[in-house]
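# Quick one: sequence and predicted model below, then my questions.
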Number of protein chains: 2
Amino acid sequence: MLQRRIDDHAPPSRESVREAQEIFYRHLKRVGLKHTDQRDTILGTFLETREHLSTDELFRLVRKKDAKIGFTTVYRTLKLLAECGLASAVPFPDGMARYEHQFNRRSHHHMVCTECGASVEFFSPEVSKLEEEIGHKYHFDATRHNFQIYGICEDCRKNIRKTV
Amino acid sequence: MLQRRIDDHAPPSRESVREAQEIFYRHLKRVGLKHTDQRDTILGTFLETREHLSTDELFRLVRKKDAKIGFTTVYRTLKLLAECGLASAVPFPDGMARYEHQFNRRSHHHMVCTECGASVEFFSPEVSKLEEEIGHKYHFDATRHNFQIYGICEDCRKNIRKTV
DNA sequence: ATGAAAATGAAATTCATTTTCATTTGGCCG
DNA sequence: CGGCCAAATGAAAATGAATTTCATTTTCAT
């Protein structure tokens, strides 16, 4: 599904990328895994994105940088990134697993158009407050949350009105 | 605290079930589909549940009532129910499509333990307010939302402390 | 009742995801 | 440096949920 995004963030600085790499390699070390060029390339590619990527989409981007990197490696690296918190899954209505990177990003949420798949990010500090409150109330150690609003965007409303 | 639910709802009354059936059959009529016993049985079974069901889980429940109903029919009926708003998908961390029925239920949200999968429902009127506000701000016609908090429940925290 | 349209369900297919396995590579240790 | 071995890689195969196909049965408007 085509992902149109409304997003005013600048791409991450060289500095941030290095910091993310450190988080990643510290994680690898901790679980006894190794530092490889492929993993570097995949992490770098992932950090450059501003989209919600399926494994296959990331694979295609990675392939542009190094055509010898296989889908399997991208798949496995994405899992590692999720493990150490640099990536996280975003549930989309099309059912395919999609990830976004979590590095140096404010906690944010998504509004998704169920007609065209366009997504908007929004920020709401109240949601984080809720996470904490609810977690406390039910004795959960709350670590993260998902908040998506589904609806129909302005453009699609116009189109629907035309076609009906 | 496994599968503890703050859910004070009684199973749906005969009355509510009939009302849901009407919604369903009005929808079928509108799109030119037919009224069948299988669809009745599947809807009835679905409304009795209080869980988040995968298609296969619902299929197994339906099979208890009528062993001749096939998986395919359950699958297709679940899609129809989602179409007319009686069911909605809940994204769970295991990635499998899960549905819950939306009939006569207050808008609610989920807190899920990432260790054992236990889920708690909670209610927060603020979330609905947010849905409306954010929708208005970005010119979306907001129809529904998902809000899940992930974390580790009390029991799992205890177990982890023991094993480490 | 009749027939056209839809429903059913078993089986086949699709397709994203995950695993397998033969080979290559990273990096620790002497 | 050189060897060792655990881990990484990636092509291919396997898996499994989701979806489609198709021959048969059922619904329902007339």
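Here it is on my side, so go on.

# Which element, helix or strand, includes the closest residue to A:Ala87 other than its chain neighbours?
Spatial nearest neighbour of A:Ala87, excluding adjacent residues (C-beta to C-beta, 6 or more residues apart in numbering or on different chains): A:Leu81 at 3.9 Å. C-betas here are computed from N, CA, C, even on glycine. Per DSSP states H and E, A:Leu81 falls inside helix A:71-83.

# Residues contacting that helix, please?
A:24, A:27-28, A:33, A:38-39, A:42-43, A:46, A:55-56, A:58-59, A:62, A:87-89, A:99, A:101 (C-beta atoms under 8 Å, 6 or more residues apart in numbering or on different chains).

# Just the buried subset of those residues, please.
A:24, A:27-28, A:38-39, A:42-43, A:46, A:55, A:58-59, A:62, A:87-89, A:99, A:101 (16 or more other C-beta atoms under 10 Å in any protein chain shown).

# picking up where we left off before, ok, and does the helix holding A:Leu81 reach over to DNA strand C?
Yes - using C-beta under 7 Å from any atom of the strand, we find that helix A:71-83 touches DNA strand C at A:71-72, A:75-76, A:79.

# neighbours around A:Arg30, how many?
9 (other C-beta atoms under 10 Å in any protein chain shown).

# picking up where we left off before, please list which of the buried ones among the contacts of helix A:71-83 also come close to DNA strand D.
A:28, A:38-39.

# And the strands in chain A, which stretches?
Along chain A, counting by DSSP state E, strands occupy A:5-6, A:53-54, A:87-90, A:98-101, A:109-113, A:119-122, A:141-152.

# so who does the closest residue to A:His52 other than its chain neighbours touch?
In this structure, A:His52 finds its nearest non-sequential neighbour in A:Arg98, 4.3 Å apart by C-beta to C-beta, 6+ apart. Shown in contact with A:Arg98 (C-beta under 8 Å, 6+ apart): A:52-54, A:89-92.

# how close does A:Pro91 sit to DNA strand C?
Here A:Pro91 is placed at a distance of 11 Å from DNA strand C (C-beta to the nearest atom of the strand, to the nearest Å).

# ok, the spatially closest residue to that residue that is not a sequence neighbour - how many residues close by?
Ranked by C-beta to C-beta, 6+ apart and with sequence neighbours excluded, the top spatial neighbour of A:Pro91 is B:Pro91, at 3.2 Å. B:Pro91: 21 surrounding residues under other C-beta under 10 Å.

# Is B:Pro91 in contact with A:Phe147, as I believe?
No - the criterion here is C-beta atoms under 8 Å, and B:Pro91 misses it with A:Phe147 at 11.3 Å.

# Now for the two: what residues contact both?
B:Asn146.

# Let me know whether stretch A:135-147 sits next to chain B.
Yes - judged by C-beta under 8 Å from any C-beta of the partner chain, stretch A:135-147 comes into contact with chain B through A:135, A:137-147.

# Now that stretch: average pLDDT?
When pLDDT is averaged along stretch A:135-147, the result is 90.

# Quick one: residues in contact with that stretch.
A:88, A:90-91, A:109-110, A:124, A:127, A:131-132, A:134, B:1, B:91, B:111, B:113-114, B:120, B:122, B:127, B:145-154, B:157.

# picking that back up, what's the spacing between the residue nearest to A:Pro91 and DNA strand D?
Taking C-beta to the nearest atom of the strand, one finds B:Pro91 at 11 Å from DNA strand D.

# what about the helices in chain A?
A:14-30, A:37-48, A:55-65, A:71-83, A:125-137, A:154-163 (DSSP state H).

# For B:Ser16, find the nearest of those helices.
helix A:125-137 (28.1 Å; C-beta to C-beta).

# per-residue pLDDT, the residue nearest to A:His52?
89.

# For it, list each beta-bridge partner.
Beta-bridge partners of A:Arg98, counted by DSSP bridges, are A:Ser54, A:Val90.

# if I look at it, how far off is DNA strand D?
From A:Arg98 over to DNA strand D (counting by C-beta to the nearest atom of the strand), the distance is 15 Å.

# Appreciated, that's everything.
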